[in-house]
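>>> predicted model, plus sequence, below.
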Amino acid sequence: MPMSSTTPAPGSNNDKQPVLATVLPCYREVDHVLAVLDAIGPEVRHIFVIDDACPDGTGRHVRDHCKDDRVNVVVHERNLGVGGTTLSGYREAIEAGADIIVKLDGDGQMNPQLIPALIAPIARGEADYAKGNRFHDLDGLKGMPATRIFGNLVLSFLSKMSSGYWNLFDPTNGFTAIHAKVAQRLPMERISNRYFFESDMLFRLNLLGAVVADVPMEARYGAEKSGLRIHRAILEFSVKHWLNAVKRIFYSYFLRDFGAASVELLLGMVLVVFGAVFGALEWYESTTSGVPATAGTVILAALPIILGTQFLVAFLNFDTRNVPKTPLHPRL
């Protein structure tokens, strides 16, 4: 699809609209990529097709059959994974002078016509990063496989815990947009290159203090198959989410700041561990000796657990409200 005559020329400052770039990570997408490119509207200034060492030559196929002047093809010599490919596209878009960068898969599962809605919170200065949410409209889930629904429910909760964005859902959704100034602040060399990319991005964005917005989108599934296996992802992602959660809490509540929530977390963990260990030891001694534990012993074991649980609930309540609310990119 040729560039619309109404689209401002690249580099033009006559309009106040942000310069928009789209990144398409591609791996075995010959059957879908041209239709996706054709559906991208004139609001997009630059399109970067990133061929991730694709065996079927998706990049070459685009060069041979796509006549859109906005399209630039980059071919990797080795496979970097969806995360590494997206970050490669981010670098290309930043170098091209983009203000907002949209990541759009080349398999046709994401509707390019939703790009204006996706970038709207960023363009209005309300968010630094926006992502699709396929669960907002329950009627739209009819085409989603049951295993994906279950897997997303589990992964969404784990992501809330690790990223600190308790207000978000559908963390593995790859239809995303980011302000270029925020993308430049990301530690790209530390972000996961594979399927954990979207979840790891949220963790990194929280450490930056970026505001993230959920944007409703339809769930589209056709004949294409995802390389992500839910049963494997839940196990692998659980470990990575746990590690990110520990790092986030340490960075946010002990390294960068130390307040009431930090004290609540420390006291809660100490009291619960003490009560559990003391109670287990007393129970073992009681069962081996045949002498019942006294009421005082039971209270001494139970009371720290009760108090510690209350402290941990108070910390969790604070953490769920401690979501970044002031956009980062206007301050950069």
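Done, it's in. Numbering: from 1, shown residues only.

>>> for Ser163, which residues are in contact?
171, 199, 202-203, 205-206, 244, 248 (CB atoms under 8 Å, 6 or more residues apart in numbering). No exception for glycine: its C-beta is placed from N, CA and C like everyone else's.

>>> which one is it nearest to, not counting chain neighbours?
Leu202 (3.7 Å; CB to CB, 6 or more residues apart in numbering).

>>> and for Phe311?
Gly268 is the one closest to Phe311 (CB to CB, 6+ apart), at 3.3 Å.

>>> can you tell me the distance between the two ends of stretch 41-58?
One end of stretch 41-58 sits 21 Å from the other (CA to CA, to the nearest Å).

>>> in it, which residues are buried?
Across stretch 41-58, burial judged by 16 or more other CB atoms under 10 Å covers 43-52, 54, 58.

>>> and that stretch, how far out from the chain's middle?
Centroid separation for stretch 41-58 versus its chain: 21 Å, with CA atoms, centre = their mean, to the nearest Å.

>>> alpha carbons only: can I get the helix or strand of the chain with the lowest mean pLDDT in PDB?
The weakest-scoring helix or strand in the chain, judged by mean pLDDT, DSSP states H and E, is helix 146-163 (a mean of 85). Only the C-alpha atoms of helix 146-163 are listed here, as PDB (Å, rounded to 0.1, in the frame of the first residue of the first chain):
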ATOM      1  CA  ALA A 146      -9.600 -22.500  26.600                       C
ATOM      2  CA  THR A 147      -6.000 -23.300  27.400                       C
ATOM      3  CA  ARG A 148      -5.000 -19.800  26.500                       C
ATOM      4  CA  ILE A 149      -7.600 -18.300  28.700                       C
ATOM      5  CA  PHE A 150      -6.500 -20.400  31.700                       C
ATOM      6  CA  GLY A 151      -2.800 -19.700  31.000                       C
ATOM      7  CA  ASN A 152      -3.400 -16.000  30.700                       C
ATOM      8  CA  LEU A 153      -5.300 -15.900  34.000                       C
ATOM      9  CA  VAL A 154      -2.400 -17.600  35.800                       C
ATOM     10  CA  LEU A 155       0.300 -15.600  34.100                       C
ATOM     11  CA  SER A 156      -1.600 -12.300  34.600                       C
ATOM     12  CA  PHE A 157      -1.600 -12.800  38.400                       C
ATOM     13  CA  LEU A 158       2.100 -13.700  38.400                       C
ATOM     14  CA  SER A 159       2.800 -10.600  36.300                       C
ATOM     15  CA  LYS A 160       0.900  -8.300  38.600                       C
ATOM     16  CA  MET A 161       3.100  -9.600  41.500                       C
ATOM     17  CA  SER A 162       6.400  -9.300  39.600                       C
ATOM     18  CA  SER A 163       5.800  -6.000  37.700                       C
END
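
>>> buried sites along it?
148, 151-152, 155-156, 158-163.

>>> just put those in JSON lines and tack on distance to Leu332.
JSON lines is the format used below for these (distance: CB to CB, whole Å):
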{"residue": "Arg148", "distance to Leu332": "36"}
{"residue": "Gly151", "distance to Leu332": "35"}
{"residue": "Asn152", "distance to Leu332": "32"}
{"residue": "Leu155", "distance to Leu332": "30"}
{"residue": "Ser156", "distance to Leu332": "29"}
{"residue": "Leu158", "distance to Leu332": "30"}
{"residue": "Ser159", "distance to Leu332": "25"}
{"residue": "Lys160", "distance to Leu332": "26"}
{"residue": "Met161", "distance to Leu332": "28"}
{"residue": "Ser162", "distance to Leu332": "25"}
{"residue": "Ser163", "distance to Leu332": "21"}
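
>>> what about the longest helix seen in the chain, average pLDDT?
Ranked by residue count, the top helix of the chain under DSSP state H comes out as helix 260-289. Averaged across helix 260-289, pLDDT comes to 95.

>>> need the next SSE after that helix, C-terminal direction.
Per DSSP states H and E, helix 260-289 leads on to helix 295-321 as the next helix or strand towards the C-terminus.

>>> show me what that next one is packed up against.
Secondary-structure packing of helix 295-321 (3 or more CB pairs under 8 Å, 6 or more residues apart in numbering; DSSP states H and E): helix 260-289.

>>> what packs against the helix it packs on?
Looks like helix 260-289 contacts helix 295-321 (3+ CB pairs under 8 Å, 6+ apart).

>>> got the angle between the helix it packs on and helix 146-163?
Angle, helix 295-321 to helix 146-163, by axes from the mean of the first three to the mean of the last three CA atoms, to 10 degrees: 100 degrees.

>>> give the buried residues for helix 295-321.
So helix 295-321, judged by 16+ other CB under 10 Å, has buried residues 297, 300-301, 304-305, 308, 311-312, 314-316, 318-319.

>>> returning to what we had before: what about the next helix or strand after the least confident helix or strand of the chain, average pLDDT?
With elements assigned by DSSP H and E, the helix or strand that comes after helix 146-163 is strand 176-179. If you average the pLDDT over strand 176-179, you get 98.
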